[in-house]
Structure formats: C-alpha cells, structure tokens
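Q: Sequence and predicted structure, then a few things I'm wondering about:
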Amino acid sequence: MGRRGAISLVLTVTVIGALSATPHASGQTAPTIAWGAYAAGGQYGMEDAPWDMRSAAAFEGNAQKRMSLLQWGQTWFECSRFCGFRPFRARLFERARAHGYIPVLSWGSYDERRGANQPRFQLADIIAGRYDRFIRAWARGAARWGHPFFLRFDWEMNTNSVPYSEHSNGNRRGEFAKMWRHVHRIVRKQGAANAIWVWCPNVQYRGSVKPLASLYPGDAYVDWTCLDGYNWGTDPARRDRWMSFDRIFRDTYALLTTWIAPSKPVMIGETGSTEHGGSKAGWISDALAVQIPFNYPAVRAVVWFNKRWDGVNWPIESSPAARLAFAGAISSPVYASR
C-alpha cells in the first residue's frame, strides 16, 4: 500500500477524514474534526495514558465526551527499567485501539535524558545511516501491528530547544528535510504504510528557524501538516502576554495552507492555555467553538495538551470554569467521538 492508500484507509475507517459537513445553529457548516488529548495522569494520581488508560477515562469524564485520538510520546533512546533504543510498542498501540482511539505518536530522534546538545544524535548522523538498523526494526514492528496511526515525527523542529533543530546541536541548514526523507524511506520500505506522517512545527515566533518552508521535506513525504501553539498569558513560568487562539495560529496557518502544503489536512498537535492574564474558559470557548470550526477549514484534528508542563497548569481541570467551557465547546457534533 502506498502513501495515498494509507491515507485512504484512515479516511475510510475513521472519523479523521472529515468527508462530511456538520450543520450548526448559525446555518453554517463545518467539517467533522477528530479530537483528543495528551491524557496525562498526574492530576488524577495515575500514570499517563496509554500506560494507564484510567487517565484517558478521567479526562473524558471531565470533558463529558469520548475522544477519537490519543497522543503520547516516545524518544528513540529512553530509560525506564533499562536504558536503550525503544522498539515499536505494539502493546501500547493495541491498548489505545482497544478503547477506540487512533494513536498519535510523537516520535523523537534523541535521547530523552539530555537537552538540545546531543552529539550522538546530530542530523548528519541519521542521514549517514548510523541509526538505520534501529529504524528498520522499529518500522517492522509498526508494519506487523498493521493499524493506522499518526506518526508525529520530530515535532517543533523550528524551535531552538530540540536536538534536531537546525539552530542547535551542530546541525546545518537543509539537513532536517534531508533527514526526514531518509527516515521516511526506510519506514516505508519495511512495509509500514499504516504510519500517517505528520509534519508539525511550532507556530512561528521571534527566533524560530526560518524560512519554515526550508524544513518541509516535500508533499511525497508528508501526509498531514500540523501546528503546535500555546497561550502562555502572564503565567509566572514565562511572563509573556495573553493571546487568543487566532492571534497565536493565524499567520503560521496561512503560511502553511497557502504556500507550504496547501493540499494537506492540518492537525493542531498541541494546544492549551494558562489561567493567568485573562479568561481561560473564554479562550477555550473561542478556540473550539468559533475559531477552529469556522476560521480554520483545513484543520481536521485537534489535540489538547492535558498535562502540567513547563510550570504551567495546562489541563482543563485547572478551574471549574475551564472544565465546563471545554465540555461545552467539545460537545458540538463538529467534534467526532470514537
């Protein structure tokens, strides 16, 4: 099965394709949007899903609706009971699938223990084939599992804080796209056409890698595009400024859908808001009930980052008002359940 076949399979057997439109009370229509979360377990006293699926259930209970997507992360080199290169974890994927979710895996080409400076994981090393054996084994595991999943590979590559950024770790201009194509070819050669490749930069900001288009590996190597973006407000973790969803995403979304990859569906791969500096409840309602369904027509999937991270309380449970706003907005039939 080729790239188009893999996409067709996902569009046929899941809600993600957004092949039909949903009427709104206003008389307008909007495409069906798959939705889900990074369902962390810390706020519930549990492990993150899919390690502990009770975290996903607790999130759904507060959202008052079932998700269609479940996101989690895996780096190439990790330490838990032992340190080493991590294979494709079919058990976790099957656990998510058994609950009706389409997995969204954020797969990072680095060592989880270290920061942006990782000489062992420079882009040139991957291009030169240093990790080909590992990639092939991982891809064979994905092919054996056989079910569609989103592969959000080396996300936020236009930031400066990841080892695969062209602004860090001794990497050079032009290497990211070349590295992506190298890994993509290996994965597909092993028969893992069930991996739906998601190219997911952060929204552009002062100091991010530009031009963004230089990081795009080409339409033949990407199935979906994606954007990550957060409202940090005046949170003590980052004394920024309060920004609406539209202000955060508008310009980069226009660049993505007009110039870089106009034919690709778009995922919001990570988003969230602080409580500091404005109304988080209002931000959520505006983002989910107004902006995404009516002003961002290419968006066909949304993932809420429901985890305390970087010193910020991103989860919808940060206040009763935020939780109720999220439940109210996501209740729209625009957002598809499993």
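A: Now that the structure is in, tell me what you want to look at.

Q: and V334, how many neighbours?
A: 23 (other C-beta atoms under 10 Å). The way it works is simple: take the backbone N, C-alpha and C, and place the C-beta from them, glycine included.

Q: I figured it was touching K65, is that so?
A: No: V334 lies out of contact with K65 (C-beta atoms under 8 Å); the separation is 11.6 Å.

Q: What residues are bridge-paired with the closest residue to F153 other than its chain neighbours?
A: Leaving aside its chain neighbours, F153 sits nearest to W107 (5.2 Å; criterion: C-beta to C-beta, 6 or more residues apart in numbering). Per DSSP bridges, the residues bridged to W107 are Q74, F153.

Q: got the contact list for W107?
A: Shown in contact with W107 (C-beta atoms under 8 Å, 6 or more residues apart in numbering): 73-76, 151-154.

Q: for S80, same thing?
A: Neighbouring residues of S80 by C-beta under 8 Å, 6+ apart: there are none.

Q: Pretty sure L256 sits in a helix.
A: Yes: counting by DSSP: H, G, I helix; E, B strand; the rest coil, L256 falls inside a helix.

Q: Just want the most central residue of the protein.
A: G269 (2.9 Å; C-alpha atoms, centre = their mean).

Q: most neighbours, which of the contacts of W107?
A: Neighbour max across the contacts of W107 (other C-beta under 10 Å) = R152, 26 neighbours.

Q: So C226: helix, strand or coil?
A: Classified using three-state DSSP, C226 is strand.

Q: Report the separation between the residue nearest to it when sequence neighbours are not counted and A322.
A: Taking C-beta to C-beta, 6+ apart, and ignoring the residues beside it in sequence, C226 has C200 as its nearest neighbour in space, at 3.4 Å. Computed with C-beta to C-beta, to the nearest Å, the distance linking C200 and A322 is 25 Å.

Q: same thing with D111?
A: D111 is 35 Å from A322, by C-beta to C-beta.

Q: more crowded one of those two?
A: Shown here are D111 and A322; by other C-beta under 10 Å, A322 has more neighbours (24 against 18).

Q: Report the separation between the more buried one and R188.
A: Counting by C-beta to C-beta, the gap from A322 to R188 is 41 Å.

Q: How about K178?
A: For K178 relative to R188 (C-beta to C-beta), the value is 16 Å.

Q: who's more crowded, the two?
A: Legend: neighbour count by other C-beta under 10 Å for K178 and R188, higher for R188 (19 against 14).

Q: Provide the contact partners of the helix or strand containing the more buried one at residue level.
A: Secondary structure assignment for R188, by DSSP states H and E: helix 175-189. Applying C-beta under 8 Å, 6+ apart, the contact partners of helix 175-189 are 3, 109, 123-124, 126-127, 132, 135-136, 138-139, 142, 151, 153-154, 157, 164-166, 195, 197, 199, 214-218, 221.

Q: ok, back up a step: tell me the contacts of the residue nearest to the centre of the chain?
A: Counted by C-beta under 8 Å, 6+ apart, G269 has contacts 71, 104, 106, 152, 155, 198, 200, 226-228, 303.

Q: Can you pull the poorly scored residue ranges out of the stretch 1-150 of the chain?
A: Under the criterion pLDDT under 70, the flagged ranges of the stretch 1-150 of the chain are 1-31.

Q: Strands of that one, residue ranges please.
A: 21-23, 29-31, 33-39, 69-79, 83-85, 102-111, 149-153 (DSSP state E, counting those that start in this stretch).

Q: export those to TSV and tack on distance to D246?
A: Below are these laid out as TSV (distance: least, C-beta to C-beta, whole Å):
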stretch	distance to D246
strand 21-23	21
strand 29-31	16
strand 33-39	16
strand 69-79	23
strand 83-85	41
strand 102-111	24
strand 149-153	23
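
Q: For A39, give the beta-bridge partners.
A: Applying DSSP bridges, one finds that A39 bridges with N306.

Q: how near is it to D235?
A: For A39 relative to D235 (C-beta to C-beta), the value is 22 Å.

Q: These two: which is more packed in?
A: A39 (31 against 21).

Q: what's the spacing between the more buried one and W155?
A: 18 Å.

Q: Repeat that for W283.
A: Distance from W283 to W155, by C-beta to C-beta: 22 Å.

Q: ok, so of the contacts of G269, who is nearest E94?
A: V104 (15.1 Å; C-beta to C-beta).
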